[in-house]
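Okay, structure incoming, though there's no sequence with it:
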Ligand code: FAD
Ligand code: NAD
């Protein structure tokens, strides 16, 4: 390695970047990681997956205590919210995990370079520190893992107070009396759940005719909507916000739906209409790295950009913006750089929305099977007939298996239930092994467990469910 200081320099320490750095170091590559923010861990650990799940857990406890304790014979009077303490706990959870990443960097002998990384050419990264000092890193390979940032609506600029993104939506100091969320995707539904449980009057405006429309089947959308409405969330579907005015008291919004013009007012508006790749200042032009038509860094199926030695992964590249997708790509790219056959199976990436009940999905939906003219058999089982769900007071939802009619190979699984995020894992593994519904149906599941509903759904593919 005569002319290089490193074999790999990673820009960005999110779940894509930090995992890639660890795997590269495990494989003997001299690795550095560049991060512009104070703490490591990227969007996911600092302002995304982790803080949102901490608040979802805390707010779900509060809701359960208020609504269901009495039915369980627990008398807890005067249950109150201490939002400050809830936020403090969230901060501690984030701190534990971000410092955990710092520990892992040290343990794996990865050099952490704090500052803003810019690609000068395919083998040179310039890092500008907070104090303006510049450092040049010469490297054999570069991995761009710069992630994404929230999309802003042109007529509704973020001001961090009245018009916010998820960055502020996970850190409000007070519960807003009214919260209007634009977008019924993962962020809208998760943060909508948090603030509705904590006492906000939440309205979610979505321009598609159903919620959770990306990647989830229609029945999932229906059950989620019904449960979120029980929480008090109001949905305005097939509605497009067209303009907005920020006033001293809040935000006034104009929108259009099939009936004509409508208007809304809210103390705070949370815009959750998606995220966009973050490539500002990354030096892509200078280094000649090409973007796709959608502004993401263009890569082949193995994370390689058009510039030799420069790779990209995670939210900044095509595909679902999910931490585990970034994570898996990070592993695969590091392995390929080290001369090993790293690979990501893009057909089998699970997706979860952490509402109550949770929604989890992998592979194709029934609707997609119809669109693609695939001959499938579908097995479904309701949690109202599952012993563990009844005992635990979590009977909302179903498990559904979509299998090829001829070969019985499982092509998709869709679960709405408590802990659906965990239940989906066995179907992901089954699909990785090209397993059949019969394989799942004949696998012994412990009793009583929620996972028995997944087995029953597999039995239902062949019309022989035993418990419903
Ligand atoms: P990021 O995590 O965005 O990390 C990129 C890092 O690069 C950042 O730290 C950034 O500061 C740094 N960086 C960027 N440019 C430079 C530069 N030029 N120099 C130095 N550093 C730079 N996904 C899930 O799978 N499950 C969830 O439950 C989930 N919940 C979410 C909840 C919310 C509220 C949000 C916003 C997102 C959530 N996501 C979730 C999505 C998930 O956070 C992202 O898919 C994931 O973080 C992408 O990882 P990444 O490594 O590609 O980028
Ligand atoms: P999203 O793409 O999941 O959902 C955005 C929603 O906003 C869509 O339903 C879309 O139809 C709607 N929309 C877009 N423009 C609109 C407009 N002008 N008016 C009304 N509705 C509009 O995006 P998100 O919820 O912002 O999340 C961003 C990214 O973060 C996603 O890729 C998501 O996968 C990821 N994320 C994942 C999780 C998770 O895995 N649990 C949680 C949060 C975020």
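Perfect, I can see it now. Computed from a predicted model, the values in this text were never measured in an experiment. Numbers count the residues shown, from 1 in each chain. Ligands and ions are numbered 1, 2, ... in the order given.

Report how many residues lie close to the residue in the stretch 101-250 of the chain that ligand 2 sits nearest to.
Relative to ligand 2, the nearest point of the stretch 101-250 of the chain is residue 185 (1.9 Å; C-beta to the nearest ligand atom). Just so you know, the C-beta spots here come from the backbone N, C-alpha and C atoms, and that holds for glycine as well. By the criterion of other C-beta atoms under 10 Å, residue 185 has 22 neighbours.

Residue 295: what's it in contact with?
276, 277, 279 (C-beta atoms under 8 Å, 6 or more residues apart in numbering).

Going by neighbour count, which of these comes out on top?
Result: residue 277 is most packed of these (other C-beta under 10 Å), 24 neighbours.

So it is in contact with residue 312, correct?
No - with contact defined as C-beta atoms under 8 Å, residue 277 does not reach residue 312; the gap is 9.3 Å.

what touches both of the two?
Contact criterion C-beta under 8 Å, 6+ apart; residues shared by residue 277 and residue 312: residue 297.

By residue count, tell me the biggest strand in the chain.
In terms of residue count, the longest strand belonging to the chain (DSSP state E) is strand 134-144.

Show me which positions of that one end up buried.
Across strand 134-144, burial judged by 16 or more other C-beta atoms under 10 Å covers 137, 139, 140, 141, 142, 143, 144.

The fourth one pairs with what?
Beta-bridge pairing for residue 141 (DSSP bridges): residue 8.

Please list all residues in contact with the most centrally placed residue in the chain.
Closest residue to the average C-alpha location of the chain: residue 322 at 4.6 Å, with C-alpha atoms, centre = their mean. By C-beta under 8 Å, 6+ apart, residue 322 lies in contact with 349, 351.

how far away is it from ligand 2?
If you measure residue 322 against ligand 2 using C-beta to the nearest ligand atom, to the nearest Å, the figure is 5 Å.

so what's that residue scoring on pLDDT?
Note for residue 322: predicted pLDDT of 98.

Outline the domain layout of this structure.
The record's domain split for the chain, according to automatic domain parsing, is 8-149+276-346, 163-273, 357-461.

For ligand 1, find the nearest of these.
Across the domains of the chain, ligand 1 has its closest neighbour in domain 8-149+276-346 (2.0 Å, C-beta to the nearest ligand atom).

quick revisit: of the contacts of residue 295, closest to residue 349?
The closest of those to residue 349 turns out to be residue 277 (C-beta to C-beta; 17.9 Å).

The stretch 301-450 of the chain against ligand 1: which residues are in contact?
Proximity of the stretch 301-450 of the chain to ligand 1, by C-beta under 6 Å from any ligand atom, involves residues 314, 315, 321, 322, 323, 324, 326, 354.

so the last one touches residue 55, yeah?
No - distance between residue 354 and residue 55: 10.2 Å, which falls outside the contact criterion (C-beta under 8 Å).

the more surrounded of the two?
Neighbours were counted for residue 354 and for residue 55 using other C-beta under 10 Å; residue 55 has more, 27 against 21.

got a list of what that one touches?
86, 90, 170, 191, 194.

want to try CSV for the residues you listed, with secondary structure as columns?
Listed next are these as CSV, based on DSSP: H, G, I helix; E, B strand; the rest coil:
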residue, secondary structure
86, helix
90, helix
170, coil
191, helix
194, helix
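
just those residues now: which is nearest residue 243?
Comparing those against residue 243 with C-beta to C-beta places residue 191 closest, at 23.3 Å.

neighbours around that closest one, how many?
Residue 191: 24 surrounding residues under other C-beta under 10 Å.

What of residue 440?
Other residues within reach of residue 440, judged by other C-beta under 10 Å, total 25.

Check the one 3 residues further on too.
Taking other C-beta under 10 Å as the neighbour definition, residue 443 ends up with a count of 14.

now swap in residue 108 and tell me
For residue 108, the neighbour count with other C-beta under 10 Å is 15.

Spatially, which residue comes closest to it, not counting chain neighbours?
If you skip the residues right next to it in sequence, residue 108 has residue 25 as its closest partner in space, 4.2 Å away by C-beta to C-beta, 6 or more residues apart in numbering.

So which bits of the strand or helix carrying residue 85 are buried?
Residue 85 belongs to helix 83-107 when assigned by DSSP states H and E. Within helix 83-107, the residues that qualify as buried are 83, 86, 87, 90, 93, 94, 97, 98, 101, 102, 104, 105, counting by 16+ other C-beta under 10 Å.

so which of the domains of the chain gets nearest residue 155?
Ranking these by proximity to residue 155 (C-beta to C-beta) places domain 163-273 first, at 5.2 Å.

That closest one spans what distance, first to last residue?
Domain 163-273 has an end-to-end distance of 13 Å (C-alpha to C-alpha, to the nearest Å).

Please apply the same query to stretch 378-386.
Using C-alpha to C-alpha, the end-to-end distance of stretch 378-386 comes out at 19 Å.

Okay, buried residues for that stretch please.
Applying 16+ other C-beta under 10 Å to stretch 378-386 flags 378, 379, 380, 381, 382, 383, 385, 386 as buried.

Out of the residues you listed, which is nearest to residue 369?
Of all the buried residues of stretch 378-386, residue 378 has the smallest distance to residue 369: 8.2 Å, by C-beta to C-beta.

Those residues of the stretch 301-450 of the chain touching ligand 2, which are they?
Counting by C-beta under 6 Å from any ligand atom, the stretch 301-450 of the chain comes close to ligand 2 at 320, 321, 322, 352, 353, 354.

repeat that with 5 Å
By C-beta under 5 Å from any ligand atom, the residues of the stretch 301-450 of the chain that approach ligand 2 are residue 321.

which stretches of the stretch 301-450 of the chain have low pLDDT?
For the stretch 301-450 of the chain, no stretch has pLDDT under 70.

Ok, the stretch 1-150 of the chain next?
Within the stretch 1-150 of the chain, the stretches with pLDDT under 70 are 1-2.

Surely residue 199 is in contact with residue 81?
Yes - using C-beta under 8 Å, residue 199 is in contact with residue 81, at 7.0 Å.

and for these two, which residues touch both?
residue 175.

Would it be right to say that residue 43 lies in a helix?
Yes - looking at residue 43 with three-state DSSP, it is inside a helix.

What segments of the stretch 301-450 of the chain are helices?
Here the stretch 301-450 of the chain has its helices, by DSSP state H, counting those that start in this stretch, at 323-337, 366-371, 387-392, 420-432, 437-441.

same for the next helix or strand after the shortest one, what does it pack against?
Note on helix 437-441: by DSSP H and E, the next helix or strand toward the C-terminus is helix 451-461. Contact partners of helix 451-461 among helices and strands, from 3 or more C-beta pairs under 8 Å, 6 or more residues apart in numbering; DSSP states H and E: strand 376-382, helix 387-392, strand 398-404, strand 410-417, helix 420-432, helix 437-441.

Report the angle between helix 451-461 and strand 398-404.
Going by axes from the mean of the first three to the mean of the last three C-alpha atoms, to 10 degrees, helix 451-461 is angled at 40 degrees with respect to strand 398-404.

got a list of contacts for helix 451-461?
Residues from elsewhere that reach helix 451-461 (C-beta under 8 Å, 6+ apart): 377-383, 385-389, 398-401, 403, 408, 410, 413, 415, 417, 423, 426-427, 437-438, 440-441, 443, 445-446, 465-468.
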